[in-house]
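1. sequence and predicted structure, then a few things I'm wondering about:
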Amino acid sequence: MEGIDFKRSIDLANIFTVTSTYKGKEQKSTYALQHVVQTLLPGKGKNVVHLASDDALNSMKLYNQYGNASDSVLKQAHNKLLKSKPQPSWAKRHDYCYEDVCLAGYYEAKCRCGQPSLKN
Ligand SMILES: [Zn+2]
């Protein structure tokens with residue numbers, strides 16, 4: 001529990017949520033941890049994969065680098081995120097099916113298992 005077991009929790013997604021204007025409308029963009037790591041941490045190539053231990057380590061690196069960063073440093077990071085194109089998701093790269101397991105929980109058009117969508 002916050003304040004007892006640990007001092008406080010921080011949602012990194014809030015630090016890396018970027019507000020921009022597109023066609024006159026304000027929009028907020030959030031990015032997968034994998035994309036933030038690839039874009040903002042030096043030396044991270046395109047082969048970043050989801051491993052809990054790596055995710056934790058990379059999250060701490062991002063926090064140490066950007067958790068208390070100045071507005072100008074954060075703005076630079078946000079601009080980098082806006083300009084970089086995220087890699088397609090693992091599910092998309094495997095056409096939403098891997099080893100006969102349907103990965104289209106949120107994409108009904110690609111569903112092969114007939115289970116209800118997770119979208120709602
Ligand atoms: Zn399915």
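-> Cool, the structure landed.
2. so what's Ile4 up against?
-> Applying CB atoms under 8 Å, 6 or more residues apart in numbering to Ile4 gives no contacts. Just so you know, the C-beta spots here come from the backbone N, C-alpha and C atoms, and that holds for glycine as well.
3. for it, grab phi and psi.
-> Torsion angles at Ile4 (phi, psi; degrees, to the nearest 10) stand at phi -120, psi -60.
4. what's the spacing between Asp71 and Leu51?
-> 32 Å (CB to CB, to the nearest Å).
5. out of these two, which sits in the more crowded spot?
-> Leu51 (10 against 7; other CB atoms under 10 Å).
6. quick one, grab the pLDDT at the residue nearest the centre of the chain.
-> Note on the chain: the residue nearest the mean C-alpha position is Ala32, at 0.9 Å, using CA atoms, centre = their mean. pLDDT for Ala32: 90.
7. quick check: the gap between it and His50.
-> Ala32 is 9 Å from His50, by CB to CB.
8. identify the residue nearest Gln27 in space, chain neighbours excluded?
-> Ser20 (6.1 Å; CB to CB, 6 or more residues apart in numbering).
9. confirm that neighbour sits in a strand?
-> Yes - looking at Ser20 with DSSP: H, G, I helix; E, B strand; the rest coil, it is inside a strand.
10. shouldn't it be in contact with Thr30?
-> No - Ser20 is beyond contact range of Thr30, at 11.9 Å (criterion: CB atoms under 8 Å).
11. got the residues of the chain near the ion?
-> 102, 104, 111, 113 (CB under 5 Å from the ion).
12. most neighbours among those, please name it.
-> Ala104 leads these on contacts (other CB under 10 Å) with 19 neighbours.
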